[in-house]
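1. okay, sequence plus prediction incoming.
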Amino acid sequence: MKRRVLSLCSIVLVASLTLTSCTIEVNDGLGEGTTNTPGTTESVLSGSGTLSGTITKDLLIKKGNYTLDGIVKVVAGVTLTIEPGATFNVVTSKTSSLVILQGAKINAQGTASEPIVFTTSTKTPGDWGGITLYGKAPIKAVNGNTTALSEDGNNVNYGGTDPNDNSGIMKFVRVEYAGKKIGDGTSETNSMTFYSVGAGTVLENLVTYKGTDDGYEFFGGTVSATNIVSYGNYDDSFDWQDAWSGQNNSNWYAFQTGTGNFGMEIEASGNADNVAPKISNITLIRNAGTNPESAGSSEISAIQFKKHGTGIFSNVYISGYKNIGSQKAYSVLIQDDATNTNQVLTGKIKVEPINYVNSDQPGVWGYAQTNGGKTFTNTTTVTKVSLTPGAWATVDGVNLLAALQ
């Protein structure tokens, strides 16, 4: 990290308090247009500029149009604040992403009419790596390990001991065209990824749009999310592992269109002893003509549980999950005997009440192994999720919430 002290600029700032193009302390990550507010340690991006490198001091990004260039990391003890109406055009000629490391915070509070938006000029799914938060909440990884190495190419160890850890606030934030392939090209980042994020973190009114991997993925942790939209993401709309256990989730909506695998893919990394997350009000809609990423794949069901994955879901509306060739689509698919024996039969997997319409295999869960067989009755009083319309859920004039009407 390079740091320069510009004494001439500091004199001018003290005299006038109005200079807007001078940076007193220039850290990697603060581009042109960055200023320091006199008498504070906070830097400011005012209306335009480039975000790059490592953010090592508090930064306020005001409403305006910006560039996000490369992998931008916010380090422990630092808060990145973004005002409503800030839009970031992400550089796609290199690997770019926004990463909030353990001990750092993001304070991104948009509004329904002035969301905070991350997008690309080429509008191609997989253009960039999306937003990743790391926290210090507990996880249970493979073999019950309490720490693990991240899968996002940053090689960060995650996992901790504070279930109430706080990584900040994200409200009315939209991520478009993320899920960039990394490493050997067989792995991908997600649009939004949460590694061991704690329950002190606030996630509300978020949109992930046309990413090439999952819309949202939780790797352990205890954070909850409310009013979240996954639209047109290629892999799973919602995904978790490492025994994620958020207890206060509500109003999750996925619209799968064009390419998409499971609506929800759920596992606990093989740990039978886990705390089931709770989600009230889920709507999963699969548009006609939507195909899995791989031709002939069986990943076309609404909700899949495997490797001891658990979840207590209430008021679930599912529509459009149709067979493709010889592959069958189910409202719920239990992938292995152990998950059925230790989770379904012990009450740690519940999807009820449910209304499963315009779909194949009505009234029955699917079982990929041998020891299952659960039936259900559609509850017609279950209706679609209700979300506030506005610019936050509109992309290029398309209302992402139209299917909820």
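-> Perfect, I can see it now. Residues are numbered from 1 along each chain as shown.
2. got the confidence number for the residue most central in space within the chain?
-> For the chain, the residue lying nearest the average C-alpha position, counting by CA atoms, centre = their mean, turns out to be residue 192 (2.6 Å). Residue 192 is assigned a pLDDT of 98 by the prediction.
3. can you tell me which residues contact it?
-> If you count contacts by CB atoms under 8 Å, 6 or more residues apart in numbering, residue 192 has them with 130, 131, 132, 175, 206, 208, 215, 216, 217. Placement of C-beta: from N, CA and C, glycine included.
4. next one: residue 313
-> Residues near residue 313 by CB under 8 Å, 6+ apart: 278, 279, 280, 282, 303, 350, 351, 352.
5. residue 375: how many residues sit nearby?
-> 8 (other CB atoms under 10 Å).
6. who's it bridged to?
-> residue 364 (DSSP bridges).
7. so it touches residue 364, yeah?
-> Yes - counting by CB atoms under 8 Å, residue 364 is a contact partner of residue 375 at 5.2 Å.
8. among the contacts of residue 192, who's most crowded?
-> Neighbour-wise, the contacts of residue 192 (other CB under 10 Å) top out at residue 215, 34 neighbours.
9. tell me the spacing between it and residue 228.
-> 8 Å (CB to CB, to the nearest Å).
10. now swap in residue 234 and tell me
-> Taking CB to CB, one finds residue 234 at 17 Å from residue 228.
11. can I assume residue 343 sits in a strand?
-> No - secondary structure of residue 343 (DSSP: H, G, I helix; E, B strand; the rest coil): helix, not part of a strand.
12. ok, now which ones touch it?
-> 272, 276, 305, 308, 309, 310, 349.
13. equivalent analysis for residue 68, please.
-> 50, 51, 52, 88, 89, 90, 91, 96, 98, 118, 128.
14. can you do 10 Å?
-> The contact partners of residue 68, taken as CB atoms under 10 Å, 6 or more residues apart in numbering, are 50-52, 88-91, 96-98, 118-120, 128.
15. ok so, going back, neighbour count winner among residue 234 and residue 228?
-> Relative neighbour count places residue 228 above the other of residue 234 and residue 228, with 24 against 21, counting by other CB under 10 Å.
16. on the three-state scheme, the residue nearest to that one when sequence neighbours are not counted is what?
-> Counting by CB to CB, 6 or more residues apart in numbering, the nearest residue to residue 228 once its immediate chain neighbours are dropped is residue 206, at 4.7 Å. Taken by three-state DSSP, the conformation at residue 206 corresponds to strand.
17. show me how far stretch 188-197 is from its chain's centre.
-> Using CA atoms, centre = their mean, to the nearest Å, the mean C-alpha position of stretch 188-197 is found 6 Å from that of the whole chain.
18. same deal with stretch 191-210?
-> Offset of stretch 191-210 from its chain centre (CA atoms, centre = their mean): 4 Å.
19. first-to-last residue distance for that stretch?
-> 9 Å (CA to CA, to the nearest Å).
20. just the CA trace of the longest strand out of those in the chain, in CSV.
-> Longest strand of the chain, by residue count under DSSP state E: strand 64-74. This file holds the C-alpha atoms of strand 64-74, laid out as CSV (Å, rounded to 0.1, in the frame of the first residue of the first chain):
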residue,chain,number,x,y,z
GLY,A,64,-23.1,9.5,-8.9
ASN,A,65,-21.6,7.3,-11.6
TYR,A,66,-18.4,5.4,-10.8
THR,A,67,-16.1,2.7,-12.2
LEU,A,68,-15.2,-0.4,-10.2
ASP,A,69,-11.8,-1.6,-11.5
GLY,A,70,-10.4,-5.0,-10.4
ILE,A,71,-10.8,-6.7,-7.1
VAL,A,72,-11.6,-4.1,-4.5
LYS,A,73,-11.0,-5.2,-0.9
VAL,A,74,-12.2,-3.4,2.3
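21. offset the numbering so it begins at 52, please.
-> Shifting the count to begin at 52 puts that one at strand 115-125.
22. which SSE is immediately downstream of that strand?
-> Next helix or strand after strand 115-125 toward the C-terminus (DSSP states H and E): strand 130-133.
23. partner strands of whichever helix or strand comes after that following strand and their direction?
-> Where DSSP H and E defines the elements, the next helix or strand beyond strand 130-133 is strand 137-141. Here strand 137-141 is paired, per DSSP bridges, with strand 115-125 (parallel), strand 167-170 (parallel).
24. now the first one: how far from the chain's centre is it?
-> This points to strand 115-125. Worked out by CA atoms, centre = their mean, strand 115-125 lies 18 Å from the chain centre.
25. pLDDT averaged over it, what's the number?
-> Taken as a whole, strand 115-125 has a mean pLDDT of 98.
26. how about the last one?
-> Averaged over strand 167-170, pLDDT sits at 98.
27. report the secondary structure state of residue 391.
-> helix.
28. how close does the residue nearest to it when sequence neighbours are not counted get to residue 123?
-> In this structure, residue 391 finds its nearest non-sequential neighbour in residue 423, 4.6 Å apart by CB to CB, 6+ apart. According to CB to CB, residue 423 and residue 123 sit 46 Å apart.
29. where do the helices sit along the stretch 52-201 of the chain?
-> 58-67 (DSSP state H, counting those that start in this stretch).
30. so where do the strands sit in it?
-> 85-87, 94-96, 99-106, 110-112, 115-125, 130-133, 137-141, 148-151, 156-160, 167-170, 182-185, 199-200 (DSSP state E, counting those that start in this stretch).
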